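>>> Test case, fold it:
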Amino acid sequence: MAPDPTPDGGDTTPGEEDELPGVDRLLTLSDGVVAIALTLLVLQLKVPVATAANLKSTVLLQKQLSAEAPQFTSYLISFYVIGQFWLAHHRVFRDIGGHREGLAWWNFAFLLSITLMPFTANLLGEFPDNRLAIDIFAVNLLLASLTTQATYIFARHRGLLSKEDPAARRLGVIRTAGLFVAVTLSVVVAEYNVSLAKYCWLLIAVAPLAASGWARLHPVTGAPGPDRRTTPPLASPGPT
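Numbering: from 1, shown residues only. Okay, here's the model as predicted:
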């Protein structure tokens, strides 16, 4: 007898869904991968080689440390971004009660973008004045954002959410759009001024705050009140 098709396009036999990894296991795996990615980021920072000259020369050591400033800057940016994506990931999974194989694969797509970030951050640190390095890092940010948002959309369309907040969903869309604008702006500006393009990433931290303020001024009619727990299904980084 042929297996019945599942809503997400796969073929499973009765009871096979129970053999899929649960949401808790997906979160545990994701936490471990994110922790490893954060640890790998610091490996791009290099301590100057001790020589007879710089062992006693403060000025020489300062010059050598200054040469590592681009790497340190890319490390701080990447650490912040990964941390915020981790928070966004947990906000997405907080209200997911069911599971499908497709949910796991979308989660793997998110983890793929996170594990790439140590490489793209190191590339940005090694080639701080190269437009291609900025573009690659920007694409990495967009990939992480879109895969997290796609994970939420998949769970919503497959009925895996234990509850849904329209206001939180709208806030997630606004924040994702803000990230897209900030990253796209950095790519465009990099065509003319590579150094200025990096400052566009400051909008990644500002955009979520602006989106939250806008959402408070324009509440969704019938949305849950402040006494109910809401979960922004956001895929873009930024403080809540």
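>>> Next up, identify which helix or strand the spatially most central residue of the chain is on.
Compute the mean C-alpha point of the chain, and by CA atoms, centre = their mean the closest residue is Phe85, 3.3 Å away. Using DSSP states H and E, Phe85 falls within helix 69-93.
>>> Just confirm the residue nearest to the centre of the chain contacts Leu143, I think it does.
No. In this structure Phe85 lies outside contact range of Leu143 using CB atoms under 8 Å: 10.6 Å. (C-beta placed from N, C-alpha, C; glycine too.)
>>> picking that back up, just name whatever secondary elements the helix holding Phe85 is in contact with.
helix 23-41, helix 101-126, helix 131-157 (3 or more CB pairs under 8 Å, 6 or more residues apart in numbering; DSSP states H and E).
>>> angle of the last one against helix 23-41?
Okay, so that is helix 131-157. Put simply, helix 131-157 runs at 170 degrees to helix 23-41, going by axes from the mean of the first three to the mean of the last three CA atoms, to 10 degrees.
>>> which of the residues in helix 131-157 are buried?
131, 133-138, 140-149, 151-155 (16 or more other CB atoms under 10 Å).
>>> That helix vs helix 69-93, what angle?
Using the same axes, to 10 degrees: helix 131-157 against helix 69-93 is 10 degrees.
>>> How far off centre is helix 131-157?
7 Å (CA atoms, centre = their mean, to the nearest Å).
>>> what's it packed up against?
Secondary elements touching helix 131-157 (3+ CB pairs under 8 Å, 6+ apart): helix 69-93, helix 101-126, helix 166-190, helix 194-199.
>>> Would you mind getting the angle between the helix holding Phe85 and helix 101-126?
Going by the same axes, to 10 degrees, helix 69-93 makes 170 degrees with helix 101-126.
>>> Off-centre distance for helix 69-93?
The answer for helix 69-93 is 7 Å, by CA atoms, centre = their mean.
>>> try stretch 65-74
The chain centre lies 23 Å from the centre of stretch 65-74; the measure is CA atoms, centre = their mean.
>>> buried ones in it?
68, 70-71, 74.
>>> Now render those residues as a markdown table, adding distance to Val92.
Listed next are the buried residues of stretch 65-74 as a markdown table, based on distance: CB to CB, whole Å:
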| residue | distance to Val92 |
| --- | --- |
| Glu68 | 35 |
| Pro70 | 33 |
| Gln71 | 31 |
| Ser74 | 26 |
